[in-house]
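Chemist: heads up, no residue letters with this:
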């Protein structure tokens, strides 16, 4: 009990003192997570839209893949990315292993199925007559998709939150492809693990607190957007 | 002789079950209000979706103003000349203004022009007081008005209306229907109106097409369709409640003696003079008199029978009579008050020979 | 208004993405052991090298066994490990060349303060291990093919004991984690002294068998053979090899102290 309490106190002190190590680790965490989420959204949302609104051969197979991808163990994604990016792997010449880029790649692979799957579910749960109504007023396929995304914005923003949550809290995959190299690929989660292993519980708690604060802040913003403009 | 505004040729579609839609030819003329009348499951909403280019049939062509609509671009251009009003108002999760502005907005109209058009549309449907409101708390009537405004603001060349006002109460429905008819007439808008209610067809239509089992079985003016149905299904759809099998016994100059069950009734037909037939009689055309009376009125059929049931309805009583064949009659409340019919009473049913519509078997 | 906000956000993210994906084209990859990494030595020596040559050195800390495996796949440019027999095998296989010893320290046995196995009185590591096995006191093994693990196995082999049973826990963990587990379970473990020194304040363990001559732990640097693995960054690797085996590094090693002021590694040239 003492450890928790003292740890908490010291954590707050570390945060207030703006320890440069903690700042750099936090900055990297935010950087890779934000980039990964944005890329996942750019790929996942159109994929979700296509899967729910159009018919094409093999669609059911892709849906099954996406649904599997949603519950994919993230460490497996990390392992696969590692095998691709290591020197003896097919993409080894890109020299991306143990760099933030590798972390971003792994996180994109983890987050994209989540975004695609949840977008698809959200659109499918909309009243089908909405789509007909939009088309029946002269909307192009794209305009119709935009409207449906807007109609389902509650669930779609939940998808964004889920993707961000998955990405910022990932440890295993980040460790495998990033190598937890100080100053280069050490993020909040891997730093937390390291500090815990070394017995520096206050510093570990500080990392944990920051992770919590970041999640809270992002989710607060997204929740605000979710509820904005709902006039009665 | 002008060409149809919108035409469907060789339309064919089958669902995953056993339902098949087959329309060899169908067209809407410019300026007319065409009502497609059919029971639930007859395929009318599906047909509307194909005509509105909202869905693709298995085979067939849609022709707009003489030109076959082929490419996706063609589809979009033609779709933008139509507007859809559905059974449910289907309003989008935005304000009333934004809903109504949707059509012009996606046609990339300028903001000020859109605002002006929105005001005009709201004025047309008497919903100016709803400006700025969200759609969640609108009443049924208000929501339908918004849905109409949203469609009409695009000044469509063809308005597609799918059983609107279905969920509204009767007086509101009548009121809105009147308004809609007036608006259509004043703006000379062509409209395709889907309904299962005969009253809608009678009230709105310039032309009626009756749809049964995925096929258009008869189309013509309301008078033609309602008074001279060409088949049994149409007869049932347009309100002929007495439908029986019979055989022509005698025929002279258009007047037929037909044996129906244990009775012989007289009917008038210019097309049929012999053979097995169906006779159909509108319940409004049957008069009931208590007791047994024979041939008291000339040129009218008289059959004696026993009342099997008396059902109160909105404005009439629906009386089922076993007159050697099942016969249905409507009597006014006044009449029922006077006669006080109940099951088991003997009545004489009378109806003109002209009221009996004969369909070949 | 909202358009400008969105646009500037996208622009910012594009810049971030560029900064992430466009980076130093040819960093050096070194595979080393957890003891070298945890102590901060790699950061220290790589920092000095970078200051001198501008070449970035990235190190991954895995066990000796894993490090040599990475070397034999050509996934890294150099290895710094501490297990002589495995290193010799590595060189013989042609995957590595130019082995040079750079520094050493000692293994030691960490154990609970109340010393249930009574190893305080043991004179040699072999005697201590025998006492632990006989008393079946809990022992945490690295069990990860690291140099420490191989040293531990060598001791058991000399005693002709195959450690098995509830008391012998094969953790598969790194040096720091093993010490943590030992601390929690009040168990014994073989570890390198540098890791112990760095973690001492947080452990409920006491050091035994310190600086015994039989427990000398020598660290060597080996080049991954560029002839066998053309993808290796050969010239940068050689530069680092020359640096770390040079006189300057020997001084740096000697100057490397943990925050408590204790030296963690002894330069190989020092007697």
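Modeler: Everything's here; your move. Quantities reported herein were computed from a predicted structural model and do not represent experimental measurements.
Chemist: how about the spatially most central residue of chain C, what does it touch?
Modeler: Against the mean C-alpha coordinate of chain C, by Cα atoms, centre = their mean, the closest residue is residue C:33 at 2.3 Å. Applying Cβ atoms under 8 Å, 6 or more residues apart in numbering or on different chains to residue C:33 gives the contacts C:61, C:62, C:63, C:64, C:67, C:80, C:81, C:82, C:146, C:147, C:175, C:219. (Glycine included, C-beta is placed from N, CA and C.)
Chemist: which residues of the chain fall in helices?
Modeler: Chain wasn't specified; assuming chain A. For chain A, the helices defined by DSSP state H occupy A:2-16, A:20-53, A:59-70, A:74-85, A:100-124, A:128-136, A:141-151, A:153-168, A:172-178, A:188-197, A:201-227.
Chemist: Oops, wrong one, chain C.
Modeler: C:2-21, C:34-38, C:41-53, C:64-72, C:84-92, C:125-135, C:147-158, C:175-185, C:193-199, C:234-244, C:247-255.
Chemist: Make CSV out of the ones you listed and add mean pLDDT and distance to chain B.
Modeler: As requested, those are exported to CSV (pLDDT from 0 to 100; distance: least, Cβ to the nearest Cβ, whole Å):
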stretch, mean pLDDT, distance to chain B
helix C:2-21, 78, 14
helix C:34-38, 80, 54
helix C:41-53, 89, 54
helix C:64-72, 88, 54
helix C:84-92, 91, 64
helix C:125-135, 91, 71
helix C:147-158, 90, 62
helix C:175-185, 89, 52
helix C:193-199, 85, 58
helix C:234-244, 91, 56
helix C:247-255, 90, 66
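Chemist: In CSV, list those helices along with distance to residue A:28 and mean neighbour count.
Modeler: Listed next are the helices of chain C as CSV, based on distance: least, Cβ to Cβ, whole Å; neighbours: other Cβ atoms under 10 Å in any protein chain shown:
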stretch, distance to residue A:28, mean neighbour count
helix C:2-21, 9, 12
helix C:34-38, 18, 26
helix C:41-53, 16, 17
helix C:64-72, 24, 24
helix C:84-92, 34, 15
helix C:125-135, 43, 19
helix C:147-158, 31, 20
helix C:175-185, 22, 22
helix C:193-199, 24, 24
helix C:234-244, 24, 18
helix C:247-255, 28, 15
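Chemist: Minimum distance to residue A:22: which of those has it?
Modeler: With Cβ to Cβ, the closest approach to residue A:22 among these belongs to helix C:41-53: 16.4 Å.
Chemist: So what touches that closest one?
Modeler: In contact with helix C:41-53 (Cβ under 8 Å, 6+ apart) are residues A:182-183, C:30, C:32, C:36, C:55-59, C:61, C:80, C:194, C:239-240, C:243-244, C:249, C:252-253, C:256, C:264-265.
Chemist: now stretch B:96-112
Modeler: Under Cβ under 8 Å, 6+ apart, the answer for stretch B:96-112 is A:134, A:137-140, A:143, A:147, B:80, B:83, B:91-92, B:113-115, B:117-118, B:121-122, B:127, B:130-135, B:138, B:146, B:149-151, B:153-154.
Chemist: Out of the helices of chain C, the one nearest residue A:39 is which?
Modeler: Using Cβ to Cβ, the helices of chain C put helix C:2-21 closest to residue A:39, at 7.9 Å.
Chemist: how far is that closest one from where the chain is centred?
Modeler: In terms of Cα atoms, centre = their mean, to the nearest Å, the centre of helix C:2-21 is found 40 Å from the chain centre.
Chemist: Any residue of that helix touching chain A?
Modeler: Yes: using Cβ under 8 Å from any Cβ of the partner chain, we find that helix C:2-21 touches chain A at C:13, C:16, C:17, C:19, C:20, C:21.
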